[in-house]
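>>> Next come a sequence and a model predicted from it.
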Amino acid sequence: MFIRNCWYVAAWAHEIPESGLFHRTVLGEPLLLYRLSSGETVALEDRCCHRLAPLSAGRREGDCVRCGYHGLKFAPDGACVEAPGVDRIPIKARVRTYPVEVRNRWVFVWMGDPALADASQLPDNFSCSHPEWHYKPGYLHYDTPYMLICDNLLDFSHLSYVHENTLGGSTRIAQSRPEVERVPRGIRVTRHVPDVPPSAYWRSFHTFEGHVDRWFIYDFLLPGTLLMDSGGRPAGQPEGDMTGAVRLHSCQTLTPETENTTHYFFQQAYHAPQAMAETTETIFKGLIAAFEEDRSIITAQYRNMLLNPDAPMLPMAMDAALVQFRRLVDSELAREQAARATYPVAATA
Amino acid sequence: MFIRNCWYVAAWAHEIPESGLFHRTVLGEPLLLYRLSSGETVALEDRCCHRLAPLSAGRREGDCVRCGYHGLKFAPDGACVEAPGVDRIPIKARVRTYPVEVRNRWVFVWMGDPALADASQLPDNFSCSHPEWHYKPGYLHYDTPYMLICDNLLDFSHLSYVHENTLGGSTRIAQSRPEVERVPRGIRVTRHVPDVPPSAYWRSFHTFEGHVDRWFIYDFLLPGTLLMDSGGRPAGQPEGDMTGAVRLHSCQTLTPETENTTHYFFQQAYHAPQAMAETTETIFKGLIAAFEEDRSIITAQYRNMLLNPDAPMLPMAMDAALVQFRRLVDSELAREQAARATYPVAATA
Amino acid sequence: MFIRNCWYVAAWAHEIPESGLFHRTVLGEPLLLYRLSSGETVALEDRCCHRLAPLSAGRREGDCVRCGYHGLKFAPDGACVEAPGVDRIPIKARVRTYPVEVRNRWVFVWMGDPALADASQLPDNFSCSHPEWHYKPGYLHYDTPYMLICDNLLDFSHLSYVHENTLGGSTRIAQSRPEVERVPRGIRVTRHVPDVPPSAYWRSFHTFEGHVDRWFIYDFLLPGTLLMDSGGRPAGQPEGDMTGAVRLHSCQTLTPETENTTHYFFQQAYHAPQAMAETTETIFKGLIAAFEEDRSIITAQYRNMLLNPDAPMLPMAMDAALVQFRRLVDSELAREQAARATYPVAATA
C-alpha cells in the first residue's frame, strides 16, 4: 500500500525521448510517458484498455499513440480515438492519464485522484536546474521496498560504517546527535560534526589543510524526497566564512516501482560559476560508489527480512527521524484510506 | 483448469527418438513418450510410482522402461514388472498410461478418461503429411497461458500491427470484418481483404505484379488447433483462377505445458509437386520471425496482467471469434466438471 | 519444520577463517561463525537486533563483531556492548548465540534450547581427523529438501542404477536385502553383497584380480548423519583377512539450509599409514562425480514433486530403513512440539 495523492518522480526529464515512447512502472502501475509536439510531457496508463498490451510496445502517431497489438489509437487525454474494424468506439474505451509536472529536470507524476493534484506540494529541487549548481544525474534500481531506503536516508549514523571509506571517515558522525524537527510534509534533520577529518569523497575533488567542521541539514519529505545542504569548513572557522569549505546540495528521491522494488533518482551538486567537467565526473563517480555501498547493505538487510519475516527490529536513539517519518507515512495512508470511501481512485482518468 | 477429454499434441513425431526416451510436460503432468519395437508410440506418466523420479531419466530395456533411481521396470501398459529386491510386486505398482494417436506427424495424447478417447475428434492436419504440401516443422515455447495465444490466433486484426512488416502489410486487414461461424468443436473464421499490397513474407518467396486479394479461412478447434487455408491472388482475378497466386495451408496447435506456459507446434505449407529446399527454408524463417513478434507482444501483455491481475479487458467488435471460443471452452469445462462426479479421471491407467 | 534440539554441521572447520567472519544459513536462520583469539569458534545470529543487517557484512574488532550498518558492537556472548550515539544500551540489544562444538573438523551448532545442548549426542566422525585415515573434504549444495537426500542414503539399492558406472556396478546390490536395526538416535543398515565385480570407482585407485565380496555397514543418525564402514575383499576370502581388500570409512551429513535447500558435507577416507596425494585426489573426484549423479536424480524427483504436490509415493520393500528413519524424525518432531509448551526456543540467547 502506498500514499497515492502525492507526486512521485517517474523519470529524469532527459530519459523521455524527443519523439518515441518511454515506459516505467510506478506503484505497480505501468506508465507510458511521452512528449507532445508542444513539448508537454504526458503520462498514460501503459496498458491498452482492450487486451492490456503495453502501449509503449506500439508507436507514436503525431500526439497520439497506437497500440501495437490490434491498433487502437489513443489521444493524450486517454480517449480511444480509433479502433480498426470497429464502427462505434465504446465510451469506456480509454486509458487512465496521470497529472504530470516537470520541475527542474524531474518528471513528477500524481498517482492519486487527479482532481487533488497540487503543484504546491512539489519539493524544491532547485539545484537540479540552476546555472550555478552542477552535477551529473544518477539513477539506481533497488530490489528492496522503498521504505528501507527511506530509513537509510533518515539516519546518517550509517555514514561512519557503511561509508567509512567514502562519504564518512569518522565514527564521530555516528556519535553526534542530530536535531529532528517536523516540517510541513516531512522531517528536518540537522547534524553538526565538529573537528573531523574530511571524507575520502571530498578529498577526491578538494584539497584540505586539516580537520573540518561538517554539517548536514536536510528535509526528508513525503513520499520519499531528500533535499540537503551539506559540507565542511576548516575546523573552528566561523559559520559565515566559506573560505576553503566544501558545500554541496543534494536532491534525492525514491519511487516505489512495486511493493518490493524501487527507483532511486539522485544528484549531488556543487556550487561554481561554471561546471567543471572533471569535478562533475569525480563527484558523480564517488556518489555512485557510495550509493552502491548503501544498496549492498540494504539488500542484505532485506534478504534477512525475507528469510524471517517475523524478526522484530529494536528501535534505538538514532532511529528518531525514521520513526517520525514512518509515523507520518502511516497517518497519511490512514487519512487516504478514510477518504477513499468518498471518491474512487482507480476509476478516474 | 483444462479440458481433459480431448487430444493435445505432445510432440512432432520426429522428436520421439527411434530408441530412447522423450519427456514433455502436458497440462502440468510429466509424460514419457517412446516407440515400441513395433513402431507404436506410447505415453506413460513420467513419474515412477515408487519415489516419483522421472522414468525418462532411466533407460529402455526392450519395450519396457527401467527407472534410473531404484530400478523398477515398467511395461508399456504401465504395469511394474520388476522391482529389484522386492519379492511380490504390489498390484498398485504401476504408472498411468495415456492413449496416443500419431496422425500426420503430430503425436496426440488423450489427457482425460482413456475410455472416452475418440479418434474421430482428431483434427484434419492433412498438410502435415502430404506429398504435395511442403514445410519445415516449427516449435516455440511460451511463458504465458495458452488461452492468450488462442486469443491471438482468433483475431487476425493483429496482422496489421504486430506483423506490419512480416505477415501483414496493410491496415485494411484490421479494418475488414471477418465472418464468424460455429462448426463442430470450434469456430470458423472467414476473412477476405481485397486489393492490398502483398505481405513482405510472401514477397520473400514469390513475385507479384501489383496488389492482391487476400483470404484467410480457418477453423479453430478445441482445445487449441488452427487449420487454415490462406493466400492471395492478383487483385480482381476470379476466385477460381490461381494463376500467379500464393496459397498456403497452415496447421498450428497449442498445448498447455502448465497453467502459465505453453507448447506451440506449427507449420505453414506450400503446394507444389515437389519440395523446393530454398522456398521451404524461406517460408519457415519468415514464419518463425513473425511468430516471435506474437510471442513478444503476448508476453508483454501477460506481464501487464501479472502486474495487475484485476485489470479488466474491454471486449470490442474484433473479439467476436475469441469470445465465442472462450465460451466454448468454458462450457466444455463445465460439462467435464459435471461428469467428473461420475468417473474418476486420475485413477485410471 | 525441523528437529531443533540436536547438532547440525554448519561448516568444515577450515571454512571458518582464522580472523574474519563466516556466514551460513541453517534451518532458515542466518548464522555468523568466527574464531575467538583463544581459537574457540562461536556462532551468533547473523542479524543485527537493531535493523536486521547481517553482522557478517560488518567487521571483527578483537573478539567482538561490529555491524556494518549503524555500528552496533556485539560481544561473543551476543550482548550489544556499544551503540554509537546511544547513551544507554537497551538490555534487549543482543543477538542469539548458538552452542558450538568442533569435533574432528566438523563445526556443529545446536539449533534448539541451549540449555539442552548435549555433547554426548555428537556423532563419532572419527575418520574426519585421524592420522591413518585420509580424504579430501567434500561439500555440495542441493536445491531440494534435506529429507529426500536422507531417503537416498538410507536405501543403497540405488547404487545399482544411479551409480551403475561409478559406485555400483552390479544389479545384485539392489537385489540384496539389507538388515535394518534401530540404534540409539538412528538406524543401522548392514548389507553384504557377495561375489560381484568391483565398482569402477574402486578400480580407479585399486587393482583387483576378480570378483569381490562387498559390505556396507552404516549408522544413519538424527538429524541426518551417515557413518559408514564399507569395502570389498576378494570373493570367498575369509572376513578377517583384508589382503587385497578395499576398505573405506565415510562420514556424511545433511544440514537443511531452508525448507527446500540443503548443505551436504561429506568425505570418504581410506586407511593407510600416510596420505598418498594421488589416491586422495582420485577417491575425492570419483566421489564427487557419483554424488552429482545423486543430486541429478533427486533434483529431478523433486521437480516432479513440485509439479504435482499430491502425487503419492508407493512404499516398497527397499524402503524399510527410510520409513523407519522418517518415523524417528516424526516422533522427535512431535516430542519437541509437545515440549515447546514448556520452554520458549526462539527467546533464548
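Here it is on my side, so go on.
>>> For the stretch 51-200 of chain A, just list every one of the helices.
With helices called from DSSP state H, counting those that start in this stretch, the stretch 51-200 of chain A shows them at A:146-154, A:172-175, A:200-203.
>>> helices or strands next to the last one in the packing?
Meaning helix A:200-203. helix A:277-307 (3 or more CB pairs under 8 Å, 6 or more residues apart in numbering or on different chains; DSSP states H and E). Quick note: C-beta positions are derived from backbone N, CA and C, even for glycine.
>>> Please identify the buried residues of the helix it packs on?
Going by neighbour count (16 or more other CB atoms under 10 Å in any protein chain shown), the buried part of helix A:277-307 is A:280, A:282-284, A:286-287, A:289-291, A:293-295, A:297-298, A:300-305, A:307.
>>> what does stretch A:202-222 give?
A:202, A:205-206, A:208, A:211-222.
>>> now that stretch: how far from the chain's centre is it?
21 Å (CA atoms, centre = their mean, to the nearest Å).
>>> Residue A:123 reaches residue A:222, doesn't it?
No. Using CB atoms under 8 Å, residue A:123 is not in contact with residue A:222; the gap is 9.3 Å.
>>> and the buried residues of helix A:277-307 near chain C, which?
With the criterion set as CB under 8 Å from any CB of the partner chain, the members of those near chain C are A:297, A:300, A:301, A:303, A:304, A:305, A:307.
>>> ok, the fifth one to residue C:50 distance?
Distance, residue A:304 to residue C:50, by CB to CB, to the nearest Å: 12 Å.
>>> got it, and the second one?
Using CB to CB, residue A:300 is found at 14 Å from residue C:50.
>>> Show me what residue A:61 bridges to in the sheet.
residue A:64 (DSSP bridges).
>>> And the pLDDT at the residue lying closest to residue A:33 once chain neighbours are set aside?
Distances taken as CB to CB, 6 or more residues apart in numbering or on different chains place residue A:22 nearest to residue A:33, at 4.5 Å, with adjacent residues excluded. Looking at residue A:22, its pLDDT stands at 98.
>>> same question, residue A:169
88.
>>> Just give the number of residues close to it.
22 (other CB atoms under 10 Å in any protein chain shown).
>>> now swap in residue A:309 and tell me
Neighbours of residue A:309 using other CB under 10 Å come to 7.
>>> Identify the nearest residue to whatever residue of chain A ends up closest to chain B in space, disregarding sequence-adjacent positions?
At 3.5 Å from chain B, residue A:84 is the closest residue in chain A, using CB to the nearest CB. Leaving aside its sequence neighbours, residue A:84 sits nearest to residue B:174 (CB to CB, 6+ apart; 3.5 Å).
>>> Please verify my assumption that that neighbour contacts residue A:71.
Yes. In this structure, residue B:174 is within contact of residue A:71 by CB under 8 Å, at 5.2 Å.
>>> Tell me which of the two has more neighbours.
Neighbours around residue B:174 and residue A:71, counted as other CB under 10 Å, are more numerous at residue A:71. The numbers are 26 against 22.
>>> Contacts only, for the more buried one.
Taking CB atoms under 8 Å, 6 or more residues apart in numbering or on different chains, we find residue A:71 in contact with A:82, A:83, A:84, B:157, B:160, B:161, B:171, B:174.
>>> I'd like to know how many residues surround the first one.
Residues lying near residue A:82 (other CB under 10 Å) number 15.
>>> hey, what's it bridged with?
Beta-bridge partners, per DSSP bridges, of residue A:82: residue A:73.
>>> Residue numbers of the stretch 201-349 of chain A in contact with chain B?
So the stretch 201-349 of chain A meets chain B at residue A:258 (CB under 8 Å from any CB).
>>> List the residue ranges of the stretch 201-349 of chain A that fall below the pLDDT cut-off.
In the predicted model, the stretch 201-349 of chain A carries pLDDT under 70 at residues A:341-349.
>>> can you do 90?
Where the stretch 201-349 of chain A drops to pLDDT under 90, the residues are A:239-240, A:339-349.
>>> where do the helices sit along it?
Under DSSP H, counting those that start in this stretch, the stretch 201-349 of chain A gives helices at A:277-307, A:320-340.
>>> And the ones you listed: which comes nearest residue A:258?
Minimum separation from residue A:258 across these (CB to CB) falls at helix A:277-307, 13.4 Å.
>>> Specify the angle between that closest one and helix A:146-154 in degrees.
130 degrees (axes from the mean of the first three to the mean of the last three CA atoms, to 10 degrees).
>>> before we move on, the earlier item: can you say which of the helices of the stretch 51-200 of chain A is packed in most?
The highest average neighbour count among the helices of the stretch 51-200 of chain A, using mean count of other CB atoms under 10 Å in any protein chain shown, belongs to helix A:146-154 at a mean of 22.
>>> what about that one, near chain C?
Yes. Counting by CB under 8 Å from any CB, chain C has neighbours in helix A:146-154: residue A:151.
>>> If you average the pLDDT over that helix, what comes out?
Rounded mean pLDDT across helix A:146-154 is 98.
>>> List of residues touching that helix?
Residues from elsewhere that reach helix A:146-154 (CB under 8 Å, 6+ apart): A:142, A:158, A:187, A:189, A:220, A:224, A:226, A:252, A:254-256, A:262, A:264, A:294, A:298, A:301-302, A:321-322, A:325-326, A:329, C:51.
>>> so who does the residue lying closest to residue A:114 once chain neighbours are set aside touch?
The shortest distance from residue A:114 to any non-neighbouring residue, by CB to CB, 6+ apart, is to residue A:99 (5.2 Å). Applying CB under 8 Å, 6+ apart, we find residue A:99 in contact with A:43, A:109, A:110, A:114, A:117.
>>> Of those - the most surrounded one?
Neighbour max across these (other CB under 10 Å) = residue A:43, 27 neighbours.
>>> what helix or strand is it on?
Here residue A:43 sits within strand A:41-45, counting by DSSP states H and E.
>>> Distance from the chain centre to that strand, please.
With CA atoms, centre = their mean as the basis, strand A:41-45 stands 18 Å off its chain's centre.
>>> And chain B, is that strand touching that?
No. With CB under 8 Å from any CB as the criterion, chain B is not reached by strand A:41-45; the gap is at least 9.0 Å.
>>> Please put the alpha-carbon coordinates of that strand into CSV.
Extracted C-alpha coordinates of strand A:41-45, given in CSV (Å, rounded to 0.1, in the frame of the first residue of the first chain):
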residue,chain,number,x,y,z
THR,A,41,5.1,15.6,-21.2
VAL,A,42,2.1,13.3,-20.7
ALA,A,43,1.7,10.1,-18.7
LEU,A,44,-0.8,7.5,-19.7
GLU,A,45,-1.6,4.1,-18.3
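>>> for that strand, packing partners?
strand A:29-35, strand A:97-98, strand A:100-103.
>>> tilt between that strand and strand A:29-35?
Here the directions of strand A:41-45 and strand A:29-35 differ by 150 degrees (the same axes, to 10 degrees).
>>> Identify the neighbouring strands of strand A:41-45 in the sheet and state each direction.
In its sheet, and by DSSP bridges, strand A:41-45 pairs with strand A:29-35 (antiparallel), strand A:97-98 (antiparallel).
>>> tell me the contacts of the closest residue to residue A:213 other than its chain neighbours?
Of all residues not flanking residue A:213 in the chain, residue A:194 sits nearest, at 4.6 Å (CB to CB, 6+ apart). Residue A:194 sits next to A:213, A:214, A:235 when contact means CB under 8 Å, 6+ apart.
>>> Would you check how far apart the last one and residue A:178 are?
To tie it back to what came earlier, the one meant is residue A:235. Relative to residue A:178, and taking CB to CB, residue A:235 is found at 19 Å.
>>> cool, the second one as well?
The gap separating residue A:214 from residue A:178 is 12 Å, by CB to CB.
>>> and what of the first one?
When CB to CB is applied, the distance between residue A:213 and residue A:178 equals 15 Å.
>>> Any idea how many residues pack against residue A:91?
By the criterion of other CB under 10 Å, residue A:91 has 8 neighbours.
>>> Can I get stretch A:241-255 as CSV, trimmed to CA atoms?
In CSV, the C-alpha atoms belonging to stretch A:241-255 read as follows (Å, rounded to 0.1, in the frame of the first residue of the first chain):
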residue,chain,number,x,y,z
ASP,A,241,33.1,32.1,6.4
MET,A,242,33.2,29.6,3.5
THR,A,243,36.9,30.0,2.7
GLY,A,244,38.3,26.6,1.9
ALA,A,245,35.0,25.0,2.5
VAL,A,246,33.2,22.2,0.6
ARG,A,247,29.5,22.8,0.1
LEU,A,248,27.1,20.5,-1.7
HIS,A,249,23.4,20.5,-2.4
SER,A,250,21.7,17.1,-3.0
CYS,A,251,18.3,16.2,-4.3
GLN,A,252,17.4,12.5,-4.0
THR,A,253,14.0,10.8,-4.4
LEU,A,254,12.6,7.3,-4.0
THR,A,255,9.8,6.0,-6.1
